[in-house]
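Asker: the following block contains a protein sequence and its predicted model.
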Amino acid sequence: NAGVTQTPKFQVLKTGQSMTLQCAQDMNHEYMSWYRQDPGMGLRLIHYSVGAGITDQGEVPNGYNVSRSTTEDFPLRLLSAAPSQTSVYFCASSYSRQNHYEQYFGPGTRLTVT
Amino acid sequence: SQQGEEDPQALSIQEGENATMNCSYKTSINNLQWYRQNSGRGLVHLILIRSNEREKHSGRLRVTLDTSKKSSSLLITASRAADTASYFCATAGGSNYKLTFGKGTLLTVNP
C-alpha cells in the first residue's frame, strides 16, 4: 500500500491565484482530514470528512474548500491564495478501531504565497 | 485553539539517556495520542491511550495518563540519535475522529 499520498510536494503561488492540493489514500479509510502546520505551532484542522459525500469544517476553514466524491480522494482547494496561507499542509486518514481513531499522515505539501 | 500543551518545548539529551515529555489538556477526552514528526516529514502515530487506561507500553515508549490532573507523559527509554524529532500529543474529545494537537516538544538526542 502507498498509504496517504499528497501532490505536489512544493508549490509557490501568487496572491489571488487558486489551486488544488491533492490527497489520496489506498487503505479504504472512512475518515480523512486536512491540517495546516505553521512554525512553532501544532497542527490545526482545516476540514474533515467522515465518508464519501460528507464534509465538515474544522478550526480554520476560511479560504479553503473540500469535497469527497470517493473514499480514496480528498482534495483541498484554495480559492484565492493569500500570504497568510503560506504553510505546510498535511492530509491524514483514519479508521475506527473499537471507536478510536489513529491517524495516518501524508508527507505534506509546502505552500508559499507571495 | 490548542487543547494539548507539551512541556518542555525543547529537550536535549545524550544518547542512552531517558527522555520525558509532558502534555496537559483542558477538557475531558476519550483518548490521547502521541505522534512523532521528523524534520520535513509527516507525522507518525506512536501510541494511543484511552481515558480508562493509566499506563501503556510500546517498545521503548511508556505513556501514562492522569485524567484527574488532565495530563499525560511520554517516556522514551535508552534514547538513540534516531529519536531526534518533534513529538506531539493529540486529544480526542466528543468526536473520536477529530484530534486537537499541541505545539510539540523538539527532542534532540546527541550521539
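Answerer: Cool, the structure landed.
Asker: what helices or strands is the one helix or strand residue B:87 maps to leaning on?
Answerer: If you go by DSSP states H and E, residue B:87 is part of strand B:85-92. Here strand B:85-92 touches strand B:5-7, strand B:31-37, strand B:71-76, strand B:99-101, strand B:105-110, going by 3 or more C-beta pairs under 8 Å, 6 or more residues apart in numbering or on different chains; DSSP states H and E. To be clear about C-beta, it is placed using only N, CA and C from the backbone, and glycine gets the same treatment.
Asker: how about the second one: buried residues?
Answerer: Going by neighbour count (16 or more other C-beta atoms under 10 Å in any protein chain shown), the buried part of strand B:31-37 is B:31-37.
Asker: which residues does residue 103 contact?
Answerer: Using chain A. Neighbour list for residue A:103: A:33, A:92-94, B:33, B:35, B:43, B:45, B:99 [criterion: C-beta atoms under 8 Å, 6 or more residues apart in numbering or on different chains].
Asker: look at chain B instead
Answerer: By C-beta under 8 Å, 6+ apart, the neighbours of residue B:103 are A:40-42, B:2, B:5-6, B:9, B:88.
Asker: what parts of chain A come near chain B?
Answerer: Counting by C-beta under 8 Å from any C-beta of the partner chain, chain A comes close to chain B at A:4, A:31, A:33, A:35, A:40-45, A:48, A:50, A:58-59, A:90, A:92, A:94, A:96, A:99-108.
Asker: adjacent strands (with direction) for the lowest-mean-pLDDT helix or strand in chain A?
Answerer: Lowest on mean pLDDT, DSSP states H and E among the helices and strands of chain A sits strand A:96-97, with a mean of 82. If you go by DSSP bridges, strand A:96-97 pairs up with strand A:100-101 (antiparallel).
Asker: other residues contacting the strand it pairs with?
Answerer: By C-beta under 8 Å, 6+ apart, the residues outside strand A:100-101 that reach it are A:31, A:94-95, B:30-31, B:48, B:50, B:92, B:96-97, B:99.
Asker: mind running it again at 7 Å?
Answerer: A:31, A:94-95, B:31, B:48, B:50, B:96-97 (C-beta atoms under 7 Å, 6 or more residues apart in numbering or on different chains).
Asker: swap in stretch B:43-57?
Answerer: Under C-beta under 7 Å, 6+ apart, the answer for stretch B:43-57 is A:100, A:102-103, A:105, B:29-37, B:58, B:61-65, B:67, B:72, B:88.
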